[in-house]
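>>> Show me the folded form of this:
(chains A and B, ligands or ions: 1)
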Amino acid sequence: MSQYSWPDPATQPLLGKKILRIDGPSKSSGRAKYTYDYNPDGLLAGKIVRCPYAHARITSIDTSAAEKMPGVKAIEIVQKPGTEIFWAGDEIVGVAAVDEGTAEDAVRAIKVGYEVLPHFVSDAEPPKNLAPDTGPISQDDFESMEDNQVPDDEAIAILKKQGVSFTADEKWYKSMEGEGTDPKVIAALRAAKVLPPSESKSPYKRTATQKQGDPDKAFASAAATHEGVYGVPCIVHCCMESHGSASEWGGSNDLTVHISTQNLSGIAAQMAEPLNTPAANIRVLQQNIGGGFGSKFAADRWDIVAAKLSKSAGGKPVKMMLTREEEFEVAGMRPSAYARVKLAADKSGKLVAWQSNSWGTGGMGGGGTPPIPYIFDVPNQRKQHTAVATNQGSARAWRAPNHPQAALITMAAFEDLAAQLKMDPVDMLRANMDILGPRAKTYAEELEIAEQLMGWKQNWHPRGDKTAGPVKRGLGLSIHTWGGRGHNSDQDLSIHPDGSVDLKVGSQDLGTGTRTIIAMVIADTLGIPLEQVTVHIGDNRYPPSGGSGGSTTVGGVSSAARRGAVDARDMLLEKVAPALKAKPEELEVANGVVRVKTDPSRSLSWKDACAKIGAVPLTVRGKNPDKSKPPDLTNSGVGGVQMADVSVDAETGIVRVNKMVAVQDCGLVVNVETAESQVKGALIMGISYALYEEKILDPVTGRVLNPNLEFYRLAGLNDVGELVVHMMTGKGYDDRGVIGLAEPPVVSPGAAISNAVANAIGVRVPFLPLTPARVIDALEQGGVA
Amino acid sequence: MRPFEYASPNSKEQVAALLGTSWEQGAILAGGTDLLALMKDDVVTPRRLVNVKGIDTLRGTSYQPGNGLRIGALTTIAELADSKDLAQYPMLFEAVTEAASPQIRNLATIGGNMCQRPRCWYFRSGMGLMPMTKDGKSLVVAGDNRYAAILGTQTGAYFVSPSTIAPALIAYGAKVRIYSAKASGSGVRELPLGRFFITPKSAKEREHDLKPDEMVIELIVPPPPQNLKTGYFEVRQKAAFDWPLAMAAVALQMDGNTVKSARVVMGHVAPVPWVSDEAAATLVGKTITPDTAMAAANAAVTKAKPLSMNKYKITLAKAAVKRAVLKAGGAA
Ligand SMILES: Cc1cc2nc3c(=O)[nH]c(=O)nc-3n(C[C@H](O)[C@H](O)[C@H](O)COP(=O)(O)OP(=O)(O)OC[C@H]3O[C@@H](n4cnc5c(N)ncnc54)[C@H](O)[C@@H]3O)c2cc1C
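Next up, the predicted model:
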């Protein structure tokens, strides 16, 4: 039986080392091509007529003037008169023309009539005393529950309890399954009782109270109780490459789609039905993507429109890439989450009771429920969540859905309570190790390292920097967790008779180093240099691989690559054994040779060994998961600790991050370089949402006021400070297998920075982002200035 | 962007004829860093662009001890930052090096910087300088006004004047010279830069004293007196490439340790660069201490009228004035 288990990184040339991305040069030189760069001859530009109102009904559409314009090649009505539109920017009509300017002129020439309806865009605190919503779940409700990643058990429980108000057809079930809805949830849907729809037009949906233990008693006998309100607004993914695709039809009803996607192997199935074309006829391509962060799993409506326009235009390629403004209105955002929290501890700082009334919005669907209290299994709890439906484009997964919000709400309350108990939050965290769940030991080990790297003991002070001068300094902390089990991945690995090696997989490299990771695993397993391995991705004619979401890619692709490479190696050894007059199991590969383990002088160079393969390449299929080829090479569940050091100018309210420390586990680290860079990217993104990011909706017009990178600020290099990253390795980590890393490190920065600001100025700034306006406001309520 | 005619004259006399008498007829194209963005967003739709970059006489700086500094309207901000002629004007140097980003400074001209349009998000989405709700109320008052003006809003204009360089120039007493075919004599009229910026009284008016067929040709900055001390402070949320939330440029003419006369000019707090005579008055006859600086800061905002979301800007404006005064006084 072949040995698939991961080797000890200490014995491997590449595994667990710092290896530069193999596609680094193509990116830094600008040679790497993105969907946005796809500009074939005859390309038509696609544009969309969008609804300017946050809530309206279409009364008429007149495309006649646009149809007559020279250069306009196709027009496609997306939503017909009579349709109710629920957010500004929603798609009404698509246009394809010879160039962007002509397409824009055509968009302006299309006259759409609207009946403007009242809109609601506020996610301020809902009125008190709302009755819990117990009505049946509508089809829209359900779809938005899925969009907002309501946990499966919760969804099943709601369906059981509340029933549904619709009967769906098989096609719809299929499409939900295609978009990743768990079969158990689908089963619960099918089993749910069908009831008449509820009448309520209220934007608020309040869940029933969830209770655990005896919160009243616990609060009554607690040594300290803190009450506070905390929250995070809606923010936008801000992928540098906007969403979009280019579609073209070939002779026999074949569609080729270049698309900016995190889900290459999943796109054809999503486009097949709306285009009434077999998925087998749809070719999907993408070599590079300029960011996704959770917002690019679907073939979006504009992608379907582009394909339809192309068909009407005789198959000519139609490229439809969103503008920055469209990105802000329709291409997804992270839901807001706010909570009034009451948290209590005993004298030792151990948490005894939690109460929360939370709310938030993710568009019409209301928004995800943050998993609060985050990580801490507080024995006594009472909580209730209100989803607020607002007239804005729907939420999409945003790097670690719902976790950053939950971390902020929980860790801010935690440090406020520590301040009240006059405890160092590090000590108080230690006092709570036994309610930190399965990763408690990881947190304990990481906390010690983080403390060292931050110089916490020397630099931490109780709330409120009492030194003179307007600039106050403070430290804050947070912890986080994530799953990260590897997804399904099928890969074809070929060793060619000339010794070259290539791998084909229908995956995507989000800039995280997916190509590099695969090449490293194969090179190590085959004992050849990294440069000898070519990795082909980005084509759905290659074996399918999962979407890159939920931090599942590295575990999936590395496990499949390992299995395939072990099989390929062992098959090669069988072919080579006779020439070396040895049994296959007596052979090994290393340093570019095949040799006898006990007598390395009996060897063949890799090239000579491969010559024994025969006339055609040796090709094997590596898979993840693969129960027939144990052990499991991936795992789930990581922990991380982060600390922030900030300076706050108490006269201007400006916050600067001096330093961030991130101590992170992700099981076996395949590539320390790309792992650290993943964490640094997360810290930068975290600093950005902690200090700057907020999607601002105008209460009067219902439109996004800052759909640009001017008043939607992102951190620049000078705003980032020093980033210190420590990856956990060695015993207890390497042996767990490969676990994903993209999401966990982006969870804590908001909480850690908010805590550091509170520590600096002596008062909590309740909401992110920590703008001068909010800091000044908080200081007027108290604090050291 | 809508189709437009393009003209590239090489003398200022030709410019006026090409521009015409309404803003829709023609617009001056200098660096284009503002104008092209406005055209792409369909906020302005001039039928003709008059590219003035071919007029060489409008480019470059010169300094003469007697006459001061002359800056041609087409001089780029980057050229200004590199110019030795700014040696006598440290506050102007600071202002130009902190504005925008290197890419923008390379293209943006000083004339365009003075004439750039407000960044107000309602204006930028095509709703005009004084946007209104359906029932005729100010949209800025009813809507999101976190970045709106706190001073000089009596006419109902709530945008803030965008240039971060203008306050420094005004503090130095700069004048602007405008080519106007209709002006008597040479066709050039001159006015103090502070008066070039005006608060519109109705949606039809503009924020500059400039007619559609006029062109800014140069700025004249008088020679700084021997005993002039200056201080500049911007409150920017990000460390670079961000608009200030409030700023102040302060010029103090000293008599020994006491202030003989003062100019305090604030930016991003009003529809014009805001010259605070009240703040200046508190400084005259005083030495610069944290207390006198604070008194000037308080005086600068006594007339401030915040809206629902911009009260914090009063605090920020005070901090900017206080720190600029202290910097002028020699404290870092
Ligand atoms: C992201 C960003 C950040 C920025 N940050 C700052 C900042 O910190 N501080 C700051 O001051 N500015 C800042 N700017 C604005 C920038 O400085 C201006 O866009 C620039 O100065 C305009 O000059 P231009 O030559 O490109 O003008 P153009 O775009 O060519 O013209 C701007 C306007 O002025 C008119 N105009 C131009 N020249 C003349 C003239 N000679 N006579 C009459 N009218 C004329 C044009 O018709 C047009 O209406 C920023 C801009 C951006 C996009």
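>>> who are the neighbours in contact with residue 167?
If you meant another chain, say so; for now it's chain A. residue A:194 (Cβ atoms under 8 Å, 6 or more residues apart in numbering or on different chains). C-betas here are computed from N, CA, C, even on glycine.
>>> hmm, I had chain B in mind actually
B:95, B:247, B:248, B:249, B:265, B:266, B:267, B:273.
>>> when you check the ligand, which of those residues turn up near it?
Among those, no residue is within reach of the ligand (Cβ under 6 Å from any ligand atom).
>>> Out of those, who's the most crowded?
residue B:248 (36 neighbours; other Cβ atoms under 10 Å in any protein chain shown).
>>> check whether the helix or strand containing it contacts chain A.
Remark: residue B:248 resides in strand B:244-255, with elements defined by DSSP states H and E. Yes - Strand B:244-255 reaches chain A (Cβ under 8 Å from any Cβ of the partner chain) through residue B:245.
>>> after that strand, next one along is what?
By DSSP H and E, the next helix or strand past strand B:244-255 is strand B:258-267.
>>> is that following strand up against chain A anywhere?
No - Strand B:258-267 does not reach chain A (Cβ under 8 Å from any Cβ); its nearest approach is 14.2 Å.
>>> then that strand to CSV, C-alphas only?
This file holds the C-alpha atoms of strand B:258-267, laid out as CSV (Å, rounded to 0.1, in the frame of the first residue of the first chain):
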residue,chain,number,x,y,z
THR,B,258,4.4,89.7,19.4
VAL,B,259,2.1,89.3,16.5
LYS,B,260,1.6,92.5,14.5
SER,B,261,-0.9,91.2,12.1
ALA,B,262,-2.3,87.8,11.3
ARG,B,263,-4.1,85.8,8.6
VAL,B,264,-5.9,82.6,9.5
VAL,B,265,-7.3,80.7,6.6
MET,B,266,-9.2,77.5,7.0
GLY,B,267,-9.9,74.8,4.4
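>>> Next secondary structure element downstream of that strand?
Taking DSSP H and E, what comes next after strand B:258-267 is strand B:274-275.
>>> Please work out which residues outside that following strand touch it.
Under Cβ under 8 Å, 6+ apart, the answer for strand B:274-275 is B:151, B:152, B:170, B:194, B:263, B:264, B:265, B:266, B:267.
>>> hmm, 10 Å instead?
The contact list for strand B:274-275 (Cβ atoms under 10 Å, 6 or more residues apart in numbering or on different chains) reads B:149-152, B:160-161, B:167, B:170-171, B:192, B:194, B:197, B:246, B:248-249, B:263-268, B:300-301, B:303-304, B:317.
>>> State the paired neighbours of it in the sheet, together with their directions.
strand B:258-267 (antiparallel) (DSSP bridges).
>>> Tell me what angle the strand it pairs with forms with strand B:244-255.
Orientation check (axes from the mean of the first three to the mean of the last three Cα atoms, to 10 degrees): strand B:258-267 against strand B:244-255 gives 160 degrees.
>>> Quick one: mean pLDDT for strand B:258-267?
Averaged over strand B:258-267, pLDDT sits at 98.
>>> In the stretch 601-750 of chain A, what residue lies closest to the ligand?
In the stretch 601-750 of chain A, the residue that lies nearest the ligand is residue A:710 (5.2 Å; Cβ to the nearest ligand atom).
>>> ok, back up a step: please point out which parts of the strand holding residue B:248 sit buried.
Using 16 or more other Cβ atoms under 10 Å in any protein chain shown as the test for burial, strand B:244-255 gives B:244, B:245, B:246, B:247, B:248, B:249, B:250, B:251, B:252, B:253, B:254.
>>> ok, now stretch B:67-78?
B:68, B:69, B:70, B:71, B:72, B:73, B:74, B:75, B:76, B:77, B:78.
>>> Check whether it comes near chain A.
No - applying Cβ under 10 Å from any Cβ of the partner chain, one finds stretch B:67-78 separated from chain A by no less than 17.6 Å.
>>> Looking at the stretch 201-332 of chain B, what residue ends up closest to chain A?
Residue nearest to chain A within the stretch 201-332 of chain B: residue B:239 (3.5 Å; Cβ to the nearest Cβ).
>>> Using the three-state scheme, assign the residue nearest to that residue when sequence neighbours are not counted.
Spatial nearest neighbour of residue B:239, excluding adjacent residues (Cβ to Cβ, 6 or more residues apart in numbering or on different chains): residue A:718 at 3.5 Å. Secondary structure for residue A:718, judged by DSSP: H, G, I helix; E, B strand; the rest coil, is helix.
>>> just residue B:16 next, same as before
Per three-state DSSP, residue B:16 ends up helix.
>>> what's the neighbour count on the residue lying closest to it once chain neighbours are set aside?
In space, and not counting its chain neighbours, residue B:16 is closest to residue B:181: 4.0 Å by Cβ to Cβ, 6+ apart. Look at residue B:181: counted by other Cβ under 10 Å, it has 15 neighbours.
>>> if I read this right, residue B:181 contacts residue B:213, doesn't it?
Yes - applying Cβ atoms under 10 Å, one finds residue B:181 in contact with residue B:213, separated by 6.5 Å.
>>> coming back round to it: for the residue nearest to residue B:239, give its distance to residue B:163.
22 Å (Cβ to Cβ, to the nearest Å).
>>> So between the two, which is more surrounded?
Legend: neighbour count by other Cβ under 10 Å for residue A:718 and residue B:163, higher for residue B:163 (22 against 11).
>>> Kindly give the local confidence score, pLDDT, for the more buried one.
pLDDT for residue B:163: 98.
>>> which SSE is the closest residue to it other than its chain neighbours in?
Nearest non-adjacent residue to residue B:163, counting by Cβ to Cβ, 6+ apart: residue B:113, 5.3 Å away. Taking DSSP H and E as the criterion, residue B:113 maps to helix B:110-115.
>>> Same question for residue A:107.
helix A:100-109.
>>> residues making contact with that helix?
A:44-50, A:62-73, A:75, A:92-97, A:99, A:309, A:318-321, A:323, B:1-3, B:40, B:42.
>>> now, which of those residues lie within strands?
Among the contacts of helix A:100-109, the members falling in strands (DSSP state E) are A:44-50, A:62, A:72-73, A:75, A:92-97, A:318-321.
>>> From the contacts of strand B:274-275, list the buried ones, please.
B:149-152, B:160-161, B:167, B:170-171, B:194, B:197, B:246, B:248-249, B:263-268, B:300-301, B:304, B:317.
>>> So what's the gap between stretch A:21-39 and the chain middle?
22 Å (Cα atoms, centre = their mean, to the nearest Å).
>>> for it, which positions count as buried?
A:21, A:22, A:23, A:32, A:34, A:35, A:36, A:38.
>>> give me the subset of those residues touching the ligand.
Near the ligand, by the rule Cβ under 6 Å from any ligand atom, you find none of the buried residues of stretch A:21-39.
>>> need the residues of chain B near the ligand, please.
B:27-35, B:73, B:99-100, B:104, B:107-109, B:111-113, B:115-117, B:162-165, B:215-216, B:243.
>>> Got phi/psi on the closest residue to residue A:52 other than its chain neighbours?
With Cβ to Cβ, 6+ apart as the criterion, residue A:52 has its nearest non-adjacent residue at 6.3 Å, and that residue is residue A:88. Note on residue A:88: its backbone torsions stand at phi -60, psi 140 [degrees, to the nearest 10].
>>> Count the neighbours of residue A:88 for me.
Count around residue A:88 with other Cβ under 10 Å applied: 25.
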